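**Student:** just the structure for this:
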Amino acid sequence: MKALSLKAIQDEFEFDYYMYIPLTIILNSCIGSIAAMTILAQGTSLISGIELTLCVALCMGYNAALLAGTNKKFAFWFLAVSLVVNMLLILITLL
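**Tutor:** Next up is the predicted model:
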């Protein structure tokens with residue numbers, strides 16, 4: 001059994017890059033929309049606006065990075081940051 005490491009995941013992403021593009025766009029958009037829904041469910045305030053701006057900027061930034069044709073390593077790390085931040089926003093707003 002292979003060990004699951006960040007380097008192994010990055011290598012797999014770079015190897016099958018064109019297969020992962022549509023999958024990660026759907027995944028990132030779904031997680032981002034869930035984060036946006038939970039942020040908006042808590043009401044409107046300055047903090048909610050900042051959280052929503054961060055959520056939308058990361059999701060749109062990843063999609064724009066793919067469309068712009070950035071290198072594979074940058075796309076992988078942008079995806080990782082986007083997913084982690086959006087998951088944290090979901091957890092913060094639900095607690």
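**Student:** ok, now which ones touch residue 73?
**Tutor:** Counting by Cβ atoms under 8 Å, 6 or more residues apart in numbering, residue 73 touches 10, 14. In short, each C-beta sits where N, CA and C put it, glycine included.
**Student:** gap between the host helix or strand of it and the chain center?
**Tutor:** Element membership for residue 73 (DSSP states H and E) is helix 72-94. Here helix 72-94 is found 4 Å from its chain centre; the criterion is Cα atoms, centre = their mean, to the nearest Å.
**Student:** what about that helix, average pLDDT?
**Tutor:** When pLDDT is averaged along helix 72-94, the result is 93.
**Student:** need the CA coordinates for it. CSV is fine.
**Tutor:** What follows is helix 72-94, C-alpha atoms only, in CSV (Å, rounded to 0.1, in the frame of the first residue of the first chain):
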residue,chain,number,x,y,z
LYS,A,72,0.5,22.6,-12.7
LYS,A,73,2.3,23.1,-9.4
PHE,A,74,0.7,26.6,-8.9
ALA,A,75,-2.7,25.2,-9.8
PHE,A,76,-2.3,22.4,-7.3
TRP,A,77,-1.4,24.7,-4.5
PHE,A,78,-4.1,27.2,-5.4
LEU,A,79,-6.6,24.4,-5.2
ALA,A,80,-5.3,23.2,-1.9
VAL,A,81,-5.4,26.7,-0.3
SER,A,82,-8.9,27.3,-1.7
LEU,A,83,-10.3,24.0,-0.4
VAL,A,84,-8.7,24.4,3.0
VAL,A,85,-9.9,28.1,3.5
ASN,A,86,-13.4,27.3,2.3
MET,A,87,-13.6,24.3,4.6
LEU,A,88,-12.4,26.5,7.5
LEU,A,89,-15.0,29.1,6.6
ILE,A,90,-17.7,26.4,6.7
LEU,A,91,-16.5,25.1,10.1
ILE,A,92,-16.2,28.7,11.5
THR,A,93,-19.7,29.7,10.5
LEU,A,94,-21.3,26.5,11.6
